[in-house]
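Engineer: what shape does this take:
(2 chains)
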Protein chains: 2
Amino acid sequence: MKELAIVLVSGGLDSCVTAAIAKEEYELAMLHVNYGHRTEKRELKAFEDIASYYGVKHRLVVSIEHLKQIGGSSLIDRNMDIPEYTLEKKRIPSTYVPFRNTHLIAIAVSWGEVIGAKKIFIGAMEEDSSGYPDCREEYFKAYNHLIALGTRPETHIEIVAPIIHMRKAEVIKRGVELKAPLHLTWSCYQSDDIACGKCESCKLRLRGFTEAGLKDPIPYKSY
Amino acid sequence: MKELAIVLVSGGLDSCVTAAIAKEEYELAMLHVNYGHRTEKRELKAFEDIASYYGVKHRLVVSIEHLKQIGGSSLIDRNMDIPEYTLEKKRIPSTYVPFRNTHLIAIAVSWGEVIGAKKIFIGAMEEDSSGYPDCREEYFKAYNHLIALGTRPETHIEIVAPIIHMRKAEVIKRGVELKAPLHLTWSCYQSDDIACGKCESCKLRLRGFTEAGLKDPIPYKSY
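Structural biologist: As a prediction, this is how the structure comes out:
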């Protein structure tokens, strides 16, 4: 019998490919976290679609709307604008949600301790992404140390970030190889009907498909 | 002007004394987290009473009921019994909530990044407590490393655990010295009107007062 792994599935492209990679070795459990961000409804649908595509029974959907209560990010604060992204890395963008991944992974660890999961897969990317501090390999290493210290002695859960050093184009190619359901994913930060094509998330995705020499299977308002 | 520190205030004795210690050097912000545990209503009252006693304006009350959804602890699962505690340390008790402190501190860090706090005070105790893995100094050290890596480069937030190596009796004496409002605190895991005097938390508290040669200002059903 395969060991159980929890995959953090936002509904986006990266986590979908991460699930496809995890699927090769593990039985999957899928966790989706709503942190009060703009396009949550559409992302939840993507999560359910991806989970069904993989026939996943262990599903957990959790709401941590206190991140919205706390604010400090254009992704969850409607008084702040989502920047039209230039893809130049100058500083951490306003879409950064303070310390967000720590919350997401903590939920996965608590759940993992109860259901007996051995791994937590996360689709974070260090170089080819938005430059969020909590998406770096060093951060996940430190988190693994924290898990070892902060859980029962008999618990052994480890974070795995299989696409951490990939470029978006590689992730897309890998996803296509593994038959990941990219057509079911949602990446846009701005809209929840047709992807805007202009926000940082859309631009990173579109650039990835261009570099991969492939066509994105989802429609866009504009490029 | 004093720097801002967030104190995690459960409403119990330890966090109350921790607040009194933090108050000596910092302007206080107080965070209370409801994780769906049995005596939450009574603890929330204690939190508000303590925050008012210290004239705290920055208050945040957050609900993370998903810990209840996840389960795995007698503190949040009504199908499990709260053990009558022997005060003998054999194994991690069933009241352990998987990875709980990681969630609590993550909320404090996210809030701290937005309001500009420099410290997070937590009233954890390593030796003289229930033996939870996420109450050890080593765990907090690892967490400080995670905070440094997982937040903006300009953010400098550090966890402080000032009573980590104290015994309960010392905490009580220190609280009395600092005029901490111990009469407003709530420790019982089992009941929310009059403390049971039998659960592990009551027993640890009562033993502390006895060792300190002081009388607990709150009433008990039985000893």
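
Engineer: how about the helices of chain A, start to end?
Structural biologist: With helices called from DSSP state H, chain A shows them at A:13-23, A:40-53, A:66-70, A:100-115, A:137-150, A:168-177, A:200-212.

Engineer: buried ones in the last one?
Structural biologist: When neighbours are counted by 16 or more other Cβ atoms under 10 Å in any protein chain shown, the buried residues of helix A:200-212 are found to be A:200-206, A:208-209, A:212. Where C-beta positions appear, they are placed from N, C-alpha and C, glycine not excepted.

Engineer: what about A:Gly197, how many residues nearby?
Structural biologist: Using other Cβ atoms under 10 Å in any protein chain shown, A:Gly197 is surrounded by 18 other residues.

Engineer: which ones are touching the residue lying closest to it once chain neighbours are set aside?
Structural biologist: Spatially, and ignoring its direct neighbours in sequence, A:Gly197 is nearest to A:Tyr220 (3.9 Å; Cβ to Cβ, 6 or more residues apart in numbering or on different chains). Counting by Cβ atoms under 8 Å, 6 or more residues apart in numbering or on different chains, A:Tyr220 touches A:194-197, A:202, A:206.

Engineer: which of those residues sit farthest apart?
Structural biologist: Taking Cβ to Cβ, the two most distant members of the contacts of A:Tyr220 are A:Ile194 and A:Leu206; they sit 13.5 Å apart.

Engineer: return the set of buried residues in the lowest-mean-pLDDT helix or strand in chain A.
Structural biologist: When the helices and strands of chain A are scored by mean pLDDT, DSSP states H and E, helix A:66-70 comes last with a mean of 82. By neighbour count on 16+ other Cβ under 10 Å, the buried set for helix A:66-70 is A:66-70.

Engineer: make a markdown table from those and add distance to chain B to it.
Structural biologist: As requested, the buried residues of helix A:66-70 are arranged in a markdown table below (distance: Cβ to the nearest Cβ, whole Å):
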| residue | distance to chain B |
| --- | --- |
| A:His66 | 4 |
| A:Leu67 | 6 |
| A:Lys68 | 11 |
| A:Gln69 | 7 |
| A:Ile70 | 5 |
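
Engineer: now flag whichever of those is closest to B:Ala169.
Structural biologist: The closest of the buried residues of helix A:66-70, once distances to B:Ala169 are taken by Cβ to Cβ, is A:His66, at 35.4 Å.

Engineer: list the contacts of that closest one.
Structural biologist: Applying Cβ under 8 Å, 6+ apart to A:His66 gives the contacts B:60, B:62-64, B:107.

Engineer: most surrounded residue in these?
Structural biologist: For these, the largest neighbour count, defined by other Cβ under 10 Å, is 27 neighbours, found at B:Ile107.

Engineer: distance check, that residue against A:Leu206.
Structural biologist: In this view, B:Ile107 and A:Leu206 are 35 Å apart by Cβ to Cβ, to the nearest Å.

Engineer: any idea of the angle the top strand by length along chain A forms with helix A:13-23?
Structural biologist: Longest strand in chain A by number of residues (criterion: DSSP state E): strand A:27-34. Put simply, strand A:27-34 runs at 160 degrees to helix A:13-23, going by axes from the mean of the first three to the mean of the last three Cα atoms, to 10 degrees.

Engineer: for the most far-flung residue of chain A relative to its centre, give me phi and psi.
Structural biologist: In chain A, the residue that sits farthest from the middle, by Cα atoms, centre = their mean, is A:Pro153; the gap is 28.6 Å. When quoted as degrees, to the nearest 10, the phi and psi of A:Pro153 stand at phi -60, psi -30.

Engineer: A:Tyr26 contacts A:Ala5, correct?
Structural biologist: Yes. Using Cβ atoms under 8 Å, A:Tyr26 is in contact with A:Ala5, at 3.6 Å.

Engineer: overlap of the contact sets of these two?
Structural biologist: Here A:Tyr26 and A:Ala5 have A:118-119 as joint contacts, going by Cβ under 8 Å, 6+ apart.

Engineer: quick one: which of the two has more around it?
Structural biologist: Set A:Tyr26 next to A:Ala5 and count neighbours by other Cβ under 10 Å: A:Ala5 wins out with 24 against 20.

Engineer: which residues does the residue nearest to A:Cys16 when sequence neighbours are not counted contact?
Structural biologist: Closest residue to A:Cys16 apart from its sequence neighbours, by Cβ to Cβ, 6+ apart: A:Thr185 at 4.8 Å. Applying Cβ under 8 Å, 6+ apart to A:Thr185 gives the contacts A:11-13, A:16, A:46, A:50, A:218.
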